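> turn this into a structure:
(chains A and B)
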Amino acid sequence: EAGVTQSPTHLIKTRGQQATLRCSPISGHTSVYWYQQALGLGLQFLLWYDEGEERNRGNFPPRFSGRQFPNYSSELNVNALELEDSALYLCASSFRGWGETQYFGPGTRLLVL
Amino acid sequence: GENVEQHPSTLSVQEGDSAVIKCTYSDSASNYFPWYKQELGKGPQLIIDIRSNVGEKKDQRIAVTLNKTAKHFSLHITETQPEDSAVYFCAASILNSGYALNFGKGTSLLVTP
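Numbering: from 1, shown residues only, chains lettered A, B, ... in the order given. Model prediction:
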């Protein structure tokens, strides 16, 4: 069974640009979560999507947004990139919402110059 | 909000020895405590989790203990092997609440032959 996949693996942008990251959950999973893993800060919760709706978001500015498609895949968009947005962005999926085990993808490493 | 502290930040043990990683949490309502292992260049992988209705859970060489009164939980790895070398993260959350997984900052475990 295929795990959570993310693309691209690496992304280089300049300050002020927009970045789009993609995630495909495990087949049968309806919930997708996004986390930011910046150096020295651990994993910080960004967004949770379930059944196409945004269910919860972490303490991040509105320029971090996303969506979930009918096939449950998801996009994370980061607008007006700042240097401190450089991080590993991890996507996880679960069968249902909170309370179910979350399985992580390999991440997209975003570098903002 | 929930605050999870993890210690130590780095841990070096010899092959065959035991390793213990400890976490404390602040929200007494938290009732789900997963542990993830992250190898270099990969996303976090769930290795064991515990719910607050049990005090201990074992899976081969890995065990987790939970003390709800003291609000701390620990990961125990026995008979360590070089392939156990990785970064380990603890997390805490409230099941079915819509709240995020709150992660500790990680422990870098090095097992030397």
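> hey, let's count contacts and neighbours off CA atoms from now on
Will do.
> where are the low-confidence patches of the chain?
You didn't pick a chain, so chain A it is. A:1, A:97-99 (pLDDT under 70).
> you answered for a different chain; I wanted chain B.
For chain B (pLDDT under 70), the answer is B:98-99.
> ok, 80 please
Residues of chain B that meet the criterion pLDDT under 80 lie in B:1, B:95-100.
> would you list every one of the strands in it?
Assigned by DSSP state E, chain B shows strands spanning B:4-7, B:10-14, B:19-25, B:32-38, B:45-51, B:56-59, B:62-67, B:72-77, B:86-92, B:102-103, B:107-112.
> can you list the residues of chain A near chain B?
Selection of chain A residues close to chain B by Cα under 8 Å from any Cα of the partner chain yields A:40-45, A:55-56, A:58, A:90, A:97-99, A:102-107.
> now with 7 Å?
A:41-43, A:45, A:56, A:90, A:98-99, A:103-107 (Cα under 7 Å from any Cα of the partner chain).
> need the strands of chain B in a markdown table with mean neighbour count and distance to chain A, can you?
Formatted as a markdown table, the strands of chain B follow (neighbours: other Cα atoms under 10 Å in any protein chain shown; distance: least, Cα to the nearest Cα, whole Å):
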| stretch | mean neighbour count | distance to chain A |
| --- | --- | --- |
| strand B:4-7 | 19 | 11 |
| strand B:10-14 | 15 | 13 |
| strand B:19-25 | 21 | 14 |
| strand B:32-38 | 22 | 8 |
| strand B:45-51 | 18 | 7 |
| strand B:56-59 | 14 | 16 |
| strand B:62-67 | 19 | 16 |
| strand B:72-77 | 21 | 18 |
| strand B:86-92 | 25 | 8 |
| strand B:102-103 | 25 | 6 |
| strand B:107-112 | 20 | 10 |
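> and for A:Ala2, the neighbour number?
Counted with other Cα atoms under 10 Å in any protein chain shown, residues neighbouring A:Ala2 total 8.
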